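**Student:** Structure for the following, please:
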Amino acid sequence: MKRYHTSVLFYLMLFFLGYGALYAQWGGHGDGHHCDPDSLVPVTVSGTALVDSSTMHPMYYLDEDGDGQADYFLNFGPWWYEPDSSNATRPNDGDFVTIGGGLNDDSLMGDLPVIIVYEINGEFWRDPFDPYWTHHDGHGGGHHGGGHGHTWGWMHDSLQVVSVSGTAIVDSTFIFLHYYLDENNDGIPDYYLNFGPPWYEPSSGAERPNDGDTIDIVGGLIDNANFPMIFVYEINGLVWQDTTGWGPNMGGRWIHRYMNQTTHVRAPFDDGDWMEIQPGWHPGGGGGHHGHLPDNLFCQMIQVFPQNIANTDNENVFAAYEFGLFRPDGFNLLWDDHMHGGHIQFANNVQYQLHYNDIQLQGFNIDENTIQLKYWNEQSDSWEMLNASVDVVNNTVTVANGIVSSQVILTGQQNPLSIDEQSPNIAAQFTLEQNYPNPFNPSTTIEFSLQENAHVVLTIYNVLGQKVVELMNEAKPVGVYQVDFDASNLPSGIYFYELKVGNVSLVKKMNLSK
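**Tutor:** Next up, the predicted model:
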């Protein structure tokens, strides 16, 4: 199977791929160039397209002031990328174009600033913020066409189970690794491999492949777009994700106007995150500022990285969630044509439970007694608090409210005491220093000391409190220790490191900045 088109369902987070002598279109792998979408400045520029066709694959520039010289390098993604949900095409040399995208002044192509292209001439090209691992199957809608986010589970029962072999292509040049399979060894991806969120790892010991590895994949094939995706069930004979326990819709659920039973929707990869919609949810003649609601909606929720939630500079966010209410045509009612999130008022209360973990609390140094749940109110252009209950034993936040919002956050006040001050008795057993350097790229050193012989576990977590790697797990005598941590294959962002000595532990935060 050979496909030359990619699907916007699966590549919306593609940023620039590092340039090389052969590809020259920022299309190599593993050159260390990373782009966090939060660091890009939204811009709209117009001018004349300059296309260099002297290389293996064309390179695109923009002459903004009409002097015949390039003012920007235009990054359209890998040379084989084409959106399947719009009529957008790459420009020809001499075309007058209007580009909407993200400006990256810190990463230059020669001496030119780079624009990551989101739109060309008003047509959708790609979306850098899309949580790609939610594309398990079925419909999807990017910001184009008025939607936002992507549903999963629409066709779980109809997925075709396939077994494919080939060479892994791993793109490590943007915020999250993307995995592909080249089945016929022509250097062009034939499948997108969905391994779930970057923090997920199975209990079987299976691992994500490295670039160039020969792999055998068993998974669910989704071939309803130009580029097929495989939701990975097994890799090289080891179980990756058993979806049998997810129910018929893999986390998402349809709700119907005249339903007579409660519908339970949970987030993939964490049973503690869920929402329940009661019969009678439909408001009849109205649906708040969004107008009349359809009789059927597909509901979803996912946990997202806090740094990918906008307008939180004044909020001490330690956990974040995104919700979707999709019409049968794939339009997300919680997002408008201008990529603005919103909310809808149901006729009765929706039950919510949000789950956090101790790593998040300790890593952000949150006073657990001050936790608040807030939703984004686009009418007041602010975060509004909901009267929620916090269970500090089970680490859950629950609330019953008729509001369904596109974005929900958990916030809390900083503990006035430092982590070390909160546990002064720990100092008699061990100490944990701040990593150095910090911020770091790509490696840092973690130092700790033991005042008595003990079993030591040193673990790295991401900002969701999900385990990334275990650096040490062994008995150690009294002494001072330094452990190096290499984050070359991880995206920029906040990470936590936990030192557990016996039954007590300390957690500290560090910042990987690439």
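**Student:** buried ones in stretch 490-504?
**Tutor:** Using 16 or more other C-beta atoms under 10 Å as the test for burial, stretch 490-504 gives 490-501. Heads up, the C-betas are built off the backbone N, CA and C, glycines and all.
**Student:** Save the residues you listed as JSON lines, and put in secondary structure too.
**Tutor:** Converted to JSON lines, these look like this (DSSP: H, G, I helix; E, B strand; the rest coil):
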{"residue": "490", "secondary structure": "coil"}
{"residue": "491", "secondary structure": "coil"}
{"residue": "492", "secondary structure": "coil"}
{"residue": "493", "secondary structure": "strand"}
{"residue": "494", "secondary structure": "strand"}
{"residue": "495", "secondary structure": "strand"}
{"residue": "496", "secondary structure": "strand"}
{"residue": "497", "secondary structure": "strand"}
{"residue": "498", "secondary structure": "strand"}
{"residue": "499", "secondary structure": "strand"}
{"residue": "500", "secondary structure": "strand"}
{"residue": "501", "secondary structure": "strand"}
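**Student:** Closest one to residue 57 out of the residues you listed, please.
**Tutor:** residue 491 (25.5 Å; C-beta to C-beta).
**Student:** Thought residue 463 was touching that closest one, still the case?
**Tutor:** No - using C-beta atoms under 8 Å, residue 491 is not in contact with residue 463; the gap is 10.5 Å.
**Student:** gap between the helix ranked longest in the chain and the chain center?
**Tutor:** Longest helix in the chain, counting residues (DSSP state H): helix 358-364. The chain centre lies 20 Å from the centre of helix 358-364; the measure is C-alpha atoms, centre = their mean, to the nearest Å.
**Student:** Can you spell out which helices and strands pack onto that helix?
**Tutor:** strand 317-326, strand 493-501, strand 504-512 (3 or more C-beta pairs under 8 Å, 6 or more residues apart in numbering; DSSP states H and E).
**Student:** what's the helix or strand following the longest one packed up against?
**Tutor:** The reference is to strand 317-326. Next in sequence after strand 317-326, counting helices and strands by DSSP states H and E, comes strand 343-355. Under the contact definition 3+ C-beta pairs under 8 Å, 6+ apart, strand 343-355 sits against strand 274-277, strand 317-326, strand 372-377, strand 396-405, strand 407-411.
**Student:** Can you list the buried residues in strand 343-355?
**Tutor:** 343-344, 346, 350, 352-355.
**Student:** what's the answer for stretch 72-84, then?
**Tutor:** Buried-residue list, stretch 72-84, by 16+ other C-beta under 10 Å: 72-83.
**Student:** I'd say residue 463 and residue 307 touch.
**Tutor:** Yes - if you go by C-beta under 8 Å, residue 463 and residue 307 touch, sitting 7.2 Å apart.
**Student:** who's more crowded, the two?
**Tutor:** residue 463 (22 against 18; other C-beta atoms under 10 Å).
**Student:** circling back to that earlier point, looking at the buried residues of strand 343-355, point me to the pair that's furthest apart.
**Tutor:** Taking C-beta to C-beta, no two of these sit farther apart than 344 and 355, at 23.5 Å.
**Student:** per-residue pLDDT, the closest residue to residue 404 other than its chain neighbours?
**Tutor:** Leaving aside its chain neighbours, residue 404 sits nearest to residue 344 (5.1 Å; criterion: C-beta to C-beta, 6 or more residues apart in numbering). The score at residue 344 is 91. That number is its pLDDT.
**Student:** picking that back up, out of the buried residues of strand 343-355, which is nearest to residue 387?
**Tutor:** residue 352 (11.9 Å).
**Student:** dump the residue contacts of the closest one.
**Tutor:** 274-275, 373, 388, 397-401, 408 (C-beta atoms under 8 Å, 6 or more residues apart in numbering).
**Student:** Likewise for residue 122?
**Tutor:** residue 98.
**Student:** Kindly provide the distance from it to residue 75.
**Tutor:** Using C-beta to C-beta, to the nearest Å, residue 122 is found at 19 Å from residue 75.
**Student:** So if we follow the domain assignment, how does this protein break up?
**Tutor:** Using automatic domain parsing, the domain ranges for the chain come out as 8-130, 133-141+147-243, 253-411, 420-512.
**Student:** mind listing the helices for the protein?
**Tutor:** With DSSP H as the criterion, the chain has helices spanning 8-11, 358-364, 419-422.
**Student:** what about residue 195, how many neighbours?
**Tutor:** Count around residue 195 with other C-beta under 10 Å applied: 23.
**Student:** I'd say it and residue 233 touch.
**Tutor:** No - Residue 195 lies out of contact with residue 233 (C-beta under 8 Å); the separation is 10.7 Å.
**Student:** Low-confidence stretches in the stretch 201-350 of the chain?
**Tutor:** For the stretch 201-350 of the chain, applying pLDDT under 70 flags the ranges 223-227, 242-251, 269, 285-291, 336-340.
**Student:** what about the strands in it?
**Tutor:** Counting by DSSP state E, counting those that start in this stretch, the stretch 201-350 of the chain has these strands, from start to end: 214-222, 229-235, 238-239, 253-256, 263-266, 274-277, 296-304, 317-326, 343-355.
**Student:** Pull out the buried residues from the first one.
**Tutor:** Within strand 214-222, the residues that count as buried by 16+ other C-beta under 10 Å are 215, 217-222.
**Student:** what would these look like in JSON lines with distance to residue 90?
**Tutor:** Formatted as JSON lines, the buried residues of strand 214-222 follow (distance: C-beta to C-beta, whole Å):
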{"residue": "215", "distance to residue 90": "31"}
{"residue": "217", "distance to residue 90": "31"}
{"residue": "218", "distance to residue 90": "36"}
{"residue": "219", "distance to residue 90": "31"}
{"residue": "220", "distance to residue 90": "32"}
{"residue": "221", "distance to residue 90": "29"}
{"residue": "222", "distance to residue 90": "26"}
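**Student:** gap between the nearest residue to residue 112 once chain neighbours are set aside and residue 386?
**Tutor:** Nearest residue to residue 112, sequence neighbours excluded (C-beta to C-beta, 6+ apart): residue 73, at 4.7 Å. According to C-beta to C-beta, residue 73 and residue 386 sit 45 Å apart.
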